[in-house]
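Asks: Sequence first, predicted coordinates after that:
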Number of protein chains: 2
Amino acid sequence: MSKKRVTISSIAHEIGVSNTLVSMVLNGKGNANSINKETQKRVLDKAREMNYQPNQVARGLRTGTTKTIGLIVADISNPIYSRIARIAEDYANQEGYSLFVCSSDEDENRERKLLQMLVDRQVDGIILASTLQDPDTIQKLIDQNFPIVLFDRYFDDLECNYVGVDNETATQEAIHHLIKMGHQNIGFLTLSPEHISSLRDRKKGFQNAMENAGLKIVPNHMVELGFDDLKDKNYEKIKDFVKNNPDMTAIFTTNNNLAVGCMDAINQLGKRIPEDISLITFDDVELFQYTNPPLSSIAQPIEKIGEIAISSLLQQIKSQEIRNLKNELSAKLIIRKS
Amino acid sequence: MSKKRVTISSIAHEIGVSNTLVSMVLNGKGNANSINKETQKRVLDKAREMNYQPNQVARGLRTGTTKTIGLIVADISNPIYSRIARIAEDYANQEGYSLFVCSSDEDENRERKLLQMLVDRQVDGIILASTLQDPDTIQKLIDQNFPIVLFDRYFDDLECNYVGVDNETATQEAIHHLIKMGHQNIGFLTLSPEHISSLRDRKKGFQNAMENAGLKIVPNHMVELGFDDLKDKNYEKIKDFVKNNPDMTAIFTTNNNLAVGCMDAINQLGKRIPEDISLITFDDVELFQYTNPPLSSIAQPIEKIGEIAISSLLQQIKSQEIRNLKNELSAKLIIRKS
DNA sequence: CTGAAAGCGCTAACAA
DNA sequence: TTGTTAGCGCTTTCAG
């Protein structure tokens, strides 16, 4: 940076007033501090002339508020999360906030580091889909009155704003639909860390639905993959799952990545959807309506979730008061051809 | 924030040394400044004990470097961009940098504001897929020696690092493939602002290929939609395009969003891909291999692009020297069933 | 080996 | 109506 940035004091210097005055005027507190209209105009004009742009870092240090927000998700390249990010960004921007976007990669340690990093960067608040087993780190932040809102995943004994979807009911509904269609041997494919609330609730939904229908769950039909098992688009384990359970006539997957893996595996095994195996998945991705066949799925109201997350965070930031609101929205079962 | 953060001076105070000393030790400059091993240990221990975490904002103000990077794309929820973001994030993190992620929404004014915002936030550098017509704003940054790297879209007379793909050749290849398959009436569906280099080059590729094959381009077969025309997944204009040109037997679209719109429109018109109309698109999205039929596409080496973008930026940041490197990678034509 | 002092750019009390 | 002063937390000369 060769050219020096213009600062408040360069303006003050130019027109021979104090930094304070310039600062006040520039922050619209001119009238409140009864500063001469004339002087105000001089300041404003000069600022424009010199193309003054406030240094947000300095301001942040002084005021303790940086107008930044941290967003932590498992993976920003997952469309579900990137859509949330976009919504959050738009809302945040409107209020002058910018977003640090972080991917935890479903790694507890990485998440903890990210959390710390964001705090060190003095973000004003954090939006978080946590992969943590023990929310101790989050608890500490809350104890310090740090604005934070969870989405997608909550913790049972954590008093923290949360927005998400009724995973249990939605899954139950989907399984119910499958049963109504005549399926009895329904596979359930999920991801492992059992402590992730959304995954846990989806599992409950599956179990409930089966139980309610008087159907026995065969253990082999429930499989939990580790997040790592999906790395590099390696779907071998899913293929084994499908191959080893030829009696399954339907599979429910708990997220979009699993659904893709499942489609791939089923295709590779030369089976057909839905003739041989039906497939319904949690999470809807735009392209699911164009797959072969179009995939039935449970769509979360992403826009709504993003909107509530950011607005409840902003509210916390402004009011300094933490509430314990659990926003549970309902998801929508979209039946297509799978 | 009820509990006060522990600062350097609280540590200094606790063990009765100066802030300077603490700062030096904590920054690993203890030995360089020949500070007593003993004292160093005391500082380190106390810092750990008090769980000291440096305030990055204060540091940023003092040093003028914030260890943050800005990423501006058209839309972070576009998988192409979110994948780039993820790569950039991973690399940046490794070096202690965090990412501000911004969507310009293909709006010039918004991009300019974003640029200014990032500068005000004192980011150390910017990665940018610009939607600007006139790169004046970028030029100014470069003049100030501000680290910046463009990707996906370059400007002819702007000395700036850039990484992207050979759009012209790649498109030419794709069109050539179509021609080889017997297509003569090939439609070309693109997005309007002509000044976006990638779009412009893809158009050139199309024109070249047609010309080389001695094929006449019928004007009606080339359509440019505004970015706004794709808002809300409204594909009416694409439908009209397809309907009004029944002689077209193939369509090339210049990005993934257009391809989706095209698939939708063709489906809605009751036509079949590829029997009635073939479809090839620039940009490959994971799910294109599962659509009906699997979509042929031109895949950019996203990982490579992200990697080069971030590493060349980091290099600029470190060396303070701007080069004018145009990294033109080659894209890969993936023929599937469309 | 260690510390004092200055200052990054800004804002908030408090004076005048 | 305006200015002085102090300080956010950190790093960096420079002086002991």
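Replies: Nice, thanks for sending it over.
Asks: For the rest of this, base every contact and every neighbour count on C-alpha atoms.
Replies: Fine.
Asks: DNA strand D contacts on the stretch 1-150 of chain A?
Replies: A:16-21, A:33-37, A:39-40, A:58, A:61-63 (C-alpha under 7 Å from any atom of the strand).
Asks: What's the local residue count around the residue in chain A that chain B sits nearest to?
Replies: With C-alpha to the nearest C-alpha, the shortest gap between chain A and chain B falls at A:Thr291, namely 3.7 Å. Counted by other C-alpha atoms under 10 Å in any protein chain shown, the residues lying close to A:Thr291 total 21.
Asks: So it is in contact with B:Asn292, correct?
Replies: Yes: counting by C-alpha atoms under 8 Å, A:Thr291 touches B:Asn292, with 5.4 Å between them.
Asks: check contacts around the closest residue to the residue of chain A closest to chain B other than its chain neighbours.
Replies: Closest residue to A:Thr291 apart from its sequence neighbours, by C-alpha to C-alpha, 6 or more residues apart in numbering or on different chains: B:Thr291 at 3.7 Å. B:Thr291 is in contact with A:287, A:290-293, counting by C-alpha atoms under 8 Å, 6 or more residues apart in numbering or on different chains.
Asks: Also near DNA strand D: which of those residues, exactly?
Replies: Counting by C-alpha under 7 Å from any atom of the strand, no member of these is near DNA strand D.
Asks: Please convert those residues to JSON lines, extending it with secondary structure and pLDDT.
Replies: Listed next are the contacts of B:Thr291 as JSON lines, based on DSSP: H, G, I helix; E, B strand; the rest coil; pLDDT from 0 to 100:
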{"residue": "A:Leu287", "secondary structure": "helix", "pLDDT": "95"}
{"residue": "A:Tyr290", "secondary structure": "coil", "pLDDT": "95"}
{"residue": "A:Thr291", "secondary structure": "strand", "pLDDT": "95"}
{"residue": "A:Asn292", "secondary structure": "coil", "pLDDT": "90"}
{"residue": "A:Pro293", "secondary structure": "coil", "pLDDT": "92"}
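Asks: List just the nearest of those residues to DNA strand D.
Replies: Lowest distance from DNA strand D to those (C-alpha to the nearest atom of the strand) belongs to A:Leu287, with 47.3 Å.
Asks: Show the contacting residues for the closest one.
Replies: Counting by C-alpha under 8 Å, 6+ apart, A:Leu287 has contacts B:260, B:287, B:291.
Asks: Just the strands from the stretch 101-250 of chain A, written as ranges.
Replies: When secondary structure is read from DSSP state E, counting those that start in this stretch, the stretch 101-250 of chain A shows strands at A:125-128, A:148-151, A:161-165, A:186-191, A:222-225, A:250-253.
Asks: got JSON lines for the ones you listed, with distance to chain B too?
Replies: Output for the strands of the stretch 101-250 of chain A, formatted as JSON lines (distance: least, C-alpha to the nearest C-alpha, whole Å):
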{"stretch": "strand A:125-128", "distance to chain B": "11"}
{"stretch": "strand A:148-151", "distance to chain B": "12"}
{"stretch": "strand A:161-165", "distance to chain B": "17"}
{"stretch": "strand A:186-191", "distance to chain B": "19"}
{"stretch": "strand A:222-225", "distance to chain B": "21"}
{"stretch": "strand A:250-253", "distance to chain B": "16"}
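Asks: got those as CSV, with mean pLDDT and mean neighbour count columns?
Replies: Below are those laid out as CSV (pLDDT from 0 to 100; neighbours: other C-alpha atoms under 10 Å in any protein chain shown):
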stretch, mean pLDDT, mean neighbour count
strand A:125-128, 96, 25
strand A:148-151, 96, 26
strand A:161-165, 95, 25
strand A:186-191, 94, 24
strand A:222-225, 92, 16
strand A:250-253, 96, 25
